[in-house]
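Visitor: take this sequence and fold it.
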Amino acid sequence: MHSLLQLKTRVYSKLSADTALISLLGGQHIFDTDQPDAKLPYIAYGKQESETANQLDADLYEHLLELKVVSKADSALTCHNILSRLEVIFDEQFAANDLGGNFKLLLMQVQKVQISQVDFNYVKGLLQLRILVEQVAI
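Guide: Now for the predicted structure:
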């Protein structure tokens, strides 16, 4: 879908440049998909949905993007701290011109945050974002 690639690229760029987040992760552990053999903790993209939301003269695209945080069960606080840092990044560090090209970021809103213990070994966190993007003429 239009703008999803630019959006994912920009999200990755922002996350990988955030020194506080990289410190919490213990390195650059940000992946496009789950990595069962990766060093914990890590972040991976989860479900991604896109739909066109045309309004009047504007070409709008609405995206739902999930980021998963996986950590050891004995470090649930680490998972919580990573999710908290992600909330700060998405609340404070994105601007309308961040996507580049002919896309303008209109809204980036945290929809849902949850943490669950999967089993005795793993804790998984989930952060779901709602993102509205406008395609503008160049």
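
Visitor: packing partners for the helix or strand where Gly46 lies?
Guide: Secondary structure from DSSP states H and E places Gly46 in strand 42-52. Strand 42-52 sits against helix 4-17, strand 30-31, strand 59-72, with contacts defined as 3 or more CB pairs under 8 Å, 6 or more residues apart in numbering; DSSP states H and E. To be clear about C-beta, it is placed using only N, CA and C from the backbone, and glycine gets the same treatment.

Visitor: winner for burial among those?
Guide: strand 59-72 (a mean of 19; mean count of other CB atoms under 10 Å).

Visitor: would you give the sheet partners of that one, along with the direction of each?
Guide: Paired with strand 59-72 in the same sheet, following DSSP bridges, are strand 42-52 (antiparallel), strand 122-135 (antiparallel).

Visitor: after that strand, which helix or strand is next?
Guide: helix 76-92.

Visitor: now whichever helix or strand comes after that following helix, how far from the chain's geometric center?
Guide: Sequence-wise, the next helix or strand downstream of helix 76-92 (DSSP H and E) is strand 103-117. Taking CA atoms, centre = their mean, to the nearest Å, one finds strand 103-117 lying 7 Å from the centre of the chain it belongs to.

Visitor: contact partners of strand 103-117?
Guide: Contacts to strand 103-117, defined as CB atoms under 8 Å, 6 or more residues apart in numbering, come from residues 2-3, 6-7, 60, 64, 73, 76, 79-80, 83, 87, 90-91, 94-99, 123-136.

Visitor: just the buried members of those?
Guide: 2-3, 6-7, 60, 64, 76, 79-80, 83, 90, 94, 98-99, 123-129, 131-135 (16 or more other CB atoms under 10 Å).

Visitor: measure Val11 to Phe120 for me?
Guide: 31 Å (CB to CB, to the nearest Å).

Visitor: with Gln135 instead?
Guide: With CB to CB as the criterion, Gln135 and Phe120 are 47 Å apart.
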